[in-house]
Structures are given as structure tokens and as C-alpha cells.
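Trainee: Predicted model and sequence below, questions to follow.
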Amino acid sequence: MWVVEPVQRPKLHLLPPLKLYREDLEKVVDIFRKQCKSVLIDDEEYRYASVSEIKDKKGKLRVFHVSGMVPHGELWIKSGDDPSVQKSAIWVVETNDHGNLLFLTLKEFLLARRWNLKIQLVRMLFVVGVTVLLVGLLFKPWLTTHLPYGDFSYGLLGVCGVLLFIAAAYVDAKKLSFISLQSSSSKEPFFKRNMDNIVMLVVGTALGSLSTLLIEWVKFRFFK
């Protein structure tokens, strides 16, 4: 008798930009070794026995690649321009218990290490670019008559909006991650350790202030 079975397909998850240090890379390798019988580490150029060996031989990684067999799973993390790897991704072939656990464990661990500064800056570039273009379209008559040099300033505003949008799309398409072979616990200056939070605070405050001023200006000009 024919038995209806679910279709078994490999699992693939494209990763956002990540921020990883040496202990994070070691944790990834440890996840593979717990679930797979054979694990290989490489950077698309050389094969290594451990993350420590990479640190001894390389100053910077463009690609961090880990593969495991039984179950068969692979992880690519791209931190620089390298034609051999298009995007950072998790790929697991088997859909058995070990394969599913490998996929879900890697996904959960890596998504907790998103590079939030880069992700938020890309979103902000999109928002600012679109906002500039919409303001230009909606208030063209006022802008061309009240801005210095009228049409030229309006055209320059439109070009700035388009460039911001293109820059955001370009950075988002690359989705490059940050990989450090140093430990995150190594002593670094305060500003370097907290740079992401500081930049996000400054940018968020600036954009919030600009948004408030724009809203108040629109209210004053059109709803007084």
C-alpha cells in the first residue's frame, strides 16, 4: 500500500549582517561538533583544525565556512568581498532530529548576534531617503519658490534622496558581517566597546529631533 510521506527538503536560512568574535566562532564549531560526526573549518582558501589556528595564520577573514557530515550541514559567513560566497547562510540537508536540531540551534545562536548598528543604519538611510523624496514631491511648489536658487536646490534635494536610497540598497544587498579573531572580552577602550550603542543613540536623537522639527514646520505652514 502506498504511504503518503511529507516531502523532505533541505533547510536554508539567509543571515542578516552579524557581529562575531572568536568565542562566537568557537561556539559555532562546537554546535557542529555536537551534532555532526565530521566537521571541517575553512575560509575558502585554507582548511583549519580550529579557530585558534585561523587566528595564528590569518589577520582577517573574508569568509568563515564550517561544514559537517551526518547530518550534512554548512554555514557560510561573509565579511568581505569574495565571489565564492554570495550571501551568509545556514544550509542543512537532512530533516531528521539531528539535522533539525543543528539548523535551529545555529539559527537561534546567530540571530542573537545580529549587527544591530549596521541593520538600523541601513533602515534609517531608507527612511531618510524616502522621506526626502516624498517631501520634495509633496511640497515642490513651496520648495522651488522659498529655497535659495529655487529649482537647483529642489533638484539637489531630489538627488540627495535618490543617493541615500541607492546607498541603503547597496549596503543591504551586500549584507557583510563583522568577524573578529580577537576575543570580545579583550580589553578595549570604552568608546570602541560601546561604539554601536553610542552611534545609534546619536543618530536616533538627531533623526528624532529632525522629525519633530519637520512636523512642527508642516503644522505651522499648513495648519495654523
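Mentor: Great, that's in hand. Numbers count the residues shown, from 1 in each chain.

Trainee: Counting neighbours, show which residues of stretch 29-42 come out buried.
Mentor: Judged by neighbour count (16 or more other CB atoms under 10 Å), stretch 29-42 contains these buried residues: 29, 31-32, 35-36, 39-41. For every residue, glycine as well, the C-beta is placed using N, CA and C.

Trainee: end to end, how far does it reach?
Mentor: Stretch 29-42 stretches 11 Å from its first residue to its last (CA to CA, to the nearest Å).

Trainee: ok, and what's touching it?
Mentor: Residues outside stretch 29-42 that contact it (CB atoms under 8 Å, 6 or more residues apart in numbering) are 47-51, 54, 65-71, 73, 75, 98, 101-102, 105-106, 109.

Trainee: Then stretch 96-105?
Mentor: If you take CB under 8 Å, 6+ apart as the criterion, stretch 96-105 is touched by 11, 13, 31-32, 35-36, 68, 70-73, 90, 92-93.

Trainee: Show only the entries of the residues you listed found in helices.
Mentor: When DSSP state H is applied, the contacts of stretch 96-105 are split such that 31-32, 35 fall in helices.

Trainee: Is it possible to get those residues out as JSON lines so that each row also shows pLDDT and distance to Ile119?
Mentor: Putting the ones in helices among the contacts of stretch 96-105 into JSON lines (pLDDT from 0 to 100; distance: CB to CB, whole Å) gives the following:
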{"residue": "Ile31", "pLDDT": "96", "distance to Ile119": "23"}
{"residue": "Phe32", "pLDDT": "96", "distance to Ile119": "26"}
{"residue": "Gln35", "pLDDT": "92", "distance to Ile119": "28"}
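
Trainee: Buried subset of the contacts of stretch 29-42 as a ChimeraX selection?
Mentor: The command below creates a ChimeraX selection of those among the contacts of stretch 29-42 that count as buried (16+ other CB under 10 Å):
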select :48,51,54,65,66,67,68,71,73,75,98,102,105,106
